[in-house]
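> Structure of the sequence below:
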Amino acid sequence: MTKAVEPTDLYTVLRTPDLIDPVLIVHFDGWIDAGVSAGNAVRHLIDVTGADPLVEFDTEWLLDHRARRPTMHIIDGVNAGIDWPKIEIAAGRDSNDRDVLILSGAEPDHNWRAFTTAVVGLADRFGVSRVVALGAYPAAVPHTRSSRLTITSPTVDLARSNEPRATLDVPAGMAAVLEQAFDAAGLEALTVWAQVPHYIPPGPYPAATQALIEGLDETADVSAPSGDLGEMALAARNRLDELVSDEASHKAMLSELERQHDQYGHDGETLPTSDELAAEVEQFLRSQDDEPETDNDARETDPEELDPEEEEDTK
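Down below sits the predicted model:
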């Protein structure tokens with residue numbers, strides 16, 4: 001790129017709806033999202049709120065298309081079209097008729113500072129009152145318990161004191177950069193993270209998606225039906241139960257995770273997961289570098305993919 005881009009050159013506002021005290025929900029594909037939990041939560045939210053595009057961002061300024069290639073559709077040998085990666089803000093309404101804005105799409109590769117300025121300016125233009133980003137990370141938690149939610153925020157009062165309070169340095173995603181920028185602009189901003197059992201194989205984890213959707217009611221005052229996520233979570237739970245029951249080491253690992261979860265969950269102590277979280281984040285980043293991206297479709301779980309050596313490390 002030969003010149004600096006102006007933040008207002010990065011987007012096009014498609015319409016100007018009448019919005020009342022909207023909440024902005026944020027998630028970008030390509031950052032830490034164990035079990036595709038946050039991505040599926042945002043797609044579910046877009047569906048149930050009837051959200052339609054409000055702002056389109058110019059990805060020529062923001063994305064490396066060699067890293068995030070467009071998708072070519074081939075039908076009977078014919079190139080039937082190209083779908084380009086998108087970044088957009090959509091607007092819809094929740095179950096209580098509250099205005100909800102949803103910023104989603106590919107995480108930008110370029111011009112992070114200009115993009116941040118643009119998003120903060122748009123939030124001010126639309127009268128956003130609170131910003132909530134969604135994420136999910138692998139943790140030493142059992143699949144037989146409800147998915148825990150944790151919160152990060154520049155504002156101490158917005159962070160939950162009864163959740164794991166890790167002290168560590170990790171690479172930041174765009175959502176974290178926006179979180180800081182919104183806080184500096186005087187807007188409440190936080191990220192809600194779902195904990196996903198670290199031992200499950202790649203693929204969707206509906207229990208964490210459901211937890212994020214239900215958690216928005218408390219953290220963002222956004223009410224949305226969970227639909228069939230409960231049934232999907234139960235089906236996934238049953239499959240994992242069957243796999244774990246076939247191997248003694250798996251059962252021993254699960255029993256220990258359940259003991260830790262119940263002990264710390266009941267007496268209010270802080271889970272000692274700082275080092276574990278740092279290790280899991282580093283492992284996730286390595287896997288992103290080493291493996292090609294896969295789609296978000298669910299797939300059958302292979303018992304061999306439950307790694308007993310990895311399980312032993314969590315004890």
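> Tell me how many other residues surround residue 170.
15 (other Cβ atoms under 10 Å). Quick note: C-beta positions are derived from backbone N, CA and C, even for glycine.
> gap between it and residue 215?
22 Å (Cβ to Cβ, to the nearest Å).
> Kindly report the same for residue 47.
Distance from residue 47 to residue 215, counting by Cβ to Cβ: 18 Å.
> Could you check which of these two has the larger neighbour count?
Legend: neighbour count by other Cβ under 10 Å for residue 47 and residue 215, higher for residue 215 (21 against 12).
> Go ahead and list the helix or strand containing that one.
According to DSSP states H and E, residue 215 maps onto helix 206-219.
> List the buried residues in whichever helix or strand comes after that helix.
Heading C-terminal from helix 206-219, the first helix or strand you meet, by DSSP H and E, is helix 229-245. Neighbour-count burial for helix 229-245, with 16 or more other Cβ atoms under 10 Å as criterion, is recorded at 229, 232-233, 236, 240, 243-244.
> How about stretch 34-54?
In stretch 34-54, counting by 16+ other Cβ under 10 Å, buried: 34-46, 48-49, 51, 54.
> what's the answer for stretch 60-79, then?
Neighbour-count burial for stretch 60-79, with 16+ other Cβ under 10 Å as criterion, is recorded at 61-63, 68.
> What is the longest helix anywhere in the chain packed up against?
Longest helix in the chain, counting residues (DSSP state H): helix 248-267. Using 3 or more Cβ pairs under 8 Å, 6 or more residues apart in numbering; DSSP states H and E, the elements in contact with helix 248-267 are helix 229-245, helix 308-313.
> Mind doing that once more with 6 Å?
Counting contacts by 3 or more Cβ pairs under 6 Å, 6 or more residues apart in numbering; DSSP states H and E, helix 248-267 packs against helix 229-245.
> could you give the angle of the helix it packs on to helix 206-219?
Between helix 229-245 and helix 206-219, the angle comes out at 140 degrees (axes from the mean of the first three to the mean of the last three Cα atoms, to 10 degrees).
> So which elements touch helix 229-245?
Helices and strands touching helix 229-245, by 3+ Cβ pairs under 6 Å, 6+ apart, are helix 206-219, helix 248-267.
> Pretty sure residue 51 sits against residue 104.
No - the criterion here is Cβ atoms under 6 Å, and residue 51 misses it with residue 104 at 9.4 Å.
> Just the pLDDT at the nearest residue to residue 30 once chain neighbours are set aside, thanks.
Once flanking residues are discounted, residue 30 sits nearest to residue 107: 4.2 Å by Cβ to Cβ, 6 or more residues apart in numbering. The model reports residue 107 with a pLDDT of 96.
> Report the contact partners of residue 107.
Residue 107 is in contact with 28, 30-31, 174, counting by Cβ atoms under 6 Å, 6 or more residues apart in numbering.
> ok, now with 8 Å
Residues counted as contacts of residue 107 (Cβ atoms under 8 Å, 6 or more residues apart in numbering) are 28-31, 173-174.
> any idea how far it is from residue 27?
Taking Cβ to Cβ as the measure, residue 107 and residue 27 are separated by 9 Å.
> ditto for residue 145
Counting by Cβ to Cβ, the gap from residue 145 to residue 27 is 24 Å.
> If you count surrounding residues, which of these two has more?
Comparing residue 145 with residue 27 by other Cβ under 10 Å, the one with more neighbours is residue 27, at 28 against 15.
> these two touch, right, the more buried one and residue 44?
No - the pair residue 27 / residue 44 is not scored as a contact, 11.2 Å apart, by Cβ atoms under 8 Å.
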